[in-house]
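> Okay, here's the prediction I keep looking at, along with the sequence it came from:
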Amino acid sequence: MSYIEGSNPSFSKAVISFWFKVPQAAMDAVAKEEEAFYDQDDPGDPPLFLGLVPLVVFGKEGTSPVRADGKGSSDAQTTSTATHTCVEYAADSTDGITLNMWAWSECHDHTSTRNYYKTTWSYEAKPGKPQEPSFIAVDGDGRLAIKFESAQTGSVTLASVLTSATSKYYTQESADECWTFPAVGYCGEYNDTVVNIGGVCGILIIVAQLIAWRIGTAVADQFIGSGSPRTDHKATQEYGSGPGDAGTGAISCSPATTIAADRWHHVLISVDMTNGSASTGVAAGASYGDPKSHITATSEMYVAVDDKNYKTGAYPFQDTNQVYTGSAGQIAYSYQAARYDDRTMIPVGPVPSYSLGNMSVPAGDIGMPSHGKYVDKIRHCEMAEFQLFTGKTLDTSEESNRRLFLDFKRDANGTVIPDGDGNARLKPVKPAIAEEKLGRPDINMNGSTKWIKGTNKGSGGSFKPIGEIKKYKPDPAIRPPAA
């Protein structure tokens with residue numbers, strides 16, 4: 001594969017303009033490669049640039065967040081109570097003249113045990129994984145993908161993590177239990193005698209008393225308990241800080257347009273990362289509210305494709321050019337930890353927050369369509385008129401800014417001159433026009449000879465061509481977008 005590579009400067013602001021053409025075969029190849037990867041039973045982590053045809057790669061790789069890998073262990077705990085239990089029994093006898101009724105207790109001692117559980121969690125830092133450096137690419141479906149990777153880790157406060165939990169239980173040193181009869185009312189010796197007073201009335205008294213005694217002592221279902229005080233212990237949870245970060249910060253977008261294969265396209269990008277990204281999470285028990293209130297700092301990105309401007313803003317800023325890092329978005333939807341006392345929620349630890357100010361793309365290797373580290377990701381494509389201005393920004397919604405890089409051929413009076421087929425087409429503008437407004441670019445690859453030799457007419461040093469770089473025909477040109 002052929003490519004040119006050099007060095008890019010560090011920047012927080014930049015304007016990038018270039019022309020490109022991607023063959024259908026290249027788009028089909030990356031789509032097939034991506035499908036084959038995810039068709040595996042256990043594909044694992046996707047390789048960098050999976051499903052992408054790189055157009056330019058620059059800066060340094062990022063890193064995904066360090067994660068807390070938690071492991072828990074549960075131990076059974078035991079508490080016991082020394083118990084003295086008595087059960088009352090009853091009997092009676094009668095000779096027709098005297099009714100004798102008595103009760104007694106039979107007791108035994110035992111120790112009752114109860115289990116409760118204490119669970120502890122330990123956390124190990126799971127390192128982040130490499131992420132693509134900054135790039136501009138096209139995927140297999142013709143979507144343009146743009147990423148600016150800072151390789152910077154912001155300041156992050158994560159929600160507290162659960163470190164231990166104990167189930168509810170109670171403690172009691174000793175207990176006395178008495179199961180007796182309602183007719184007796186306690187555990188112990190009981191005696192009573194009824195004497196026949198004679199006659200029918202006396203007999204009836206004996207019979208009635210005997211029936212009442214036997215009904216009242218049929219089941220020892222009256223419980224009387226005493227003992228040392230019982231202490232109830234509520235379920236508890238303990239929290240602490242765990243390992244982790246939010247990874248390196250990157251902003252990205254994919255304009256709502258489709259790149260047609262085998263046709264020339266122009267892309268104009270402006271980025272301003274000086275404001276960085278910041279966000280705050282949600283306090284325990286609070287409603288989420290307005291999503292915009294949680295994203296507290298954003299960067300700006302402007303994109304025009306084929307002379308049409310596109311909004312780049314991520315939710316909830318869809319109709320703007322405000323973009324933020326994935327880390328900021330993750331923290332914005334993170335909740336403060338909470339424990340529960342019965343049904344009462346009690347906030348624990350900090351409300352999550354994230355801040356990465358004054359982001360910048362670091363100095364590093366730049367390659368078109370990639371550089372040597374990712375040579376296996378290079379697909380055939382055609383490129384032209386690459387310009388990179390650092391420290392500058394443009395609003396791509398303003399036609400006058402787009403005309404710095406592409407315009408119609410005009411006569412001395414400024415009238416548009418159509419091509420031989422009668423159609424007017426937008427074509428590359430001489431680099432001197434953009435330089436008048438933006439100053440000398442860091443990279444200016446203008447004309448086939450400069451690409452073939454790696455000659456950079458900007459201030460950023462020469463490029464090294466690798467492999468055979470061929471001149472293309474016809475020159476870049478596009479029909480203007482429909483009104």
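Great, that's in hand.

> How is the protein partitioned into domains?
Following automatic domain parsing, one gets these domains for the chain: 3-66+127-160+241-466, 80-122+170-235.

> what residue is smack in the middle of the protein?
The chain has Gln330 as the residue nearest its centroid, 4.6 Å off, counting by C-alpha atoms, centre = their mean.

> And it, which helix or strand is it part of?
Counting by DSSP states H and E, the secondary-structure element that holds Gln330 is helix 326-332.

> Grab the CA positions of that helix and hand them over as CSV.
Taking C-alpha atoms only, helix 326-332 is exported to CSV below (Å, rounded to 0.1, in the frame of the first residue of the first chain):
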residue,chain,number,x,y,z
GLY,A,326,-17.8,10.4,25.4
SER,A,327,-16.5,10.6,29.0
ALA,A,328,-18.5,13.7,29.6
GLY,A,329,-21.6,12.0,28.3
GLN,A,330,-21.0,9.0,30.5
ILE,A,331,-20.6,11.0,33.7
ALA,A,332,-23.6,13.1,32.8
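
> buried stuff in the next helix or strand after that helix?
As assigned by DSSP H and E, the chain's next helix or strand after helix 326-332 is strand 337-341. Under the neighbour-count criterion of 16 or more other C-beta atoms under 10 Å, strand 337-341 has 337-339 buried. From N, CA and C alone the C-beta is placed, and that goes for glycine too.

> still on that earlier bit, most tightly surrounded among the domains of the chain?
Using mean count of other C-beta atoms under 10 Å, the stretch among the domains of the chain with the greatest mean number of neighbours is domain 3-66+127-160+241-466 (a mean of 18).

> for that one, the distance to its chain's centre please.
Taking C-alpha atoms, centre = their mean, to the nearest Å, the mean C-alpha location of domain 3-66+127-160+241-466 is offset from the chain mean by 21 Å.

> now stretch 155-171
In terms of C-alpha atoms, centre = their mean, the centre of stretch 155-171 is set 21 Å apart from its chain centre.

> Between the two ends of it, how far is it?
Stretch 155-171 has its terminal residues 46 Å apart, counting by C-alpha to C-alpha, to the nearest Å.

> One more: stretch 411-431?
According to C-alpha to C-alpha, stretch 411-431 extends 19 Å from its N-terminal end residue to its C-terminal end residue.

> ok, back up a step: and the buried residues of strand 337-341 as CSV, adding pLDDT and distance to Val161?
Supplementary listing: those in CSV, determined by pLDDT from 0 to 100; distance: C-beta to C-beta, whole Å:
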residue, pLDDT, distance to Val161
Ala337, 96, 7
Ala338, 95, 12
Arg339, 91, 12
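
> Let's have the residues you listed in CSV, adding distance to Asp109.
Conversion of those to CSV gives the following (distance: C-beta to C-beta, whole Å):
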residue, distance to Asp109
Ala337, 46
Ala338, 45
Arg339, 40
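
> residues touching the residue nearest to the centre of the chain, list them.
65, 246, 354 (C-beta atoms under 8 Å, 6 or more residues apart in numbering).

> Quick check: Ala246 touching Thr63?
No: using C-beta atoms under 8 Å, Ala246 and Thr63 do not qualify as a contacting pair, with a distance of 10.3 Å.

> list residues touching both of those two?
What both Ala246 and Thr63 touch, as defined by C-beta under 8 Å, 6+ apart, is the set Thr153.

> give me every residue that touches the residue in the chain sticking out farthest from the centre.
For the chain, the residue at maximal distance from the C-alpha centroid (C-alpha atoms, centre = their mean) is Gly199, at 93.7 Å. Taking C-beta under 8 Å, 6+ apart as the criterion, Gly199 is in contact with no other residue.
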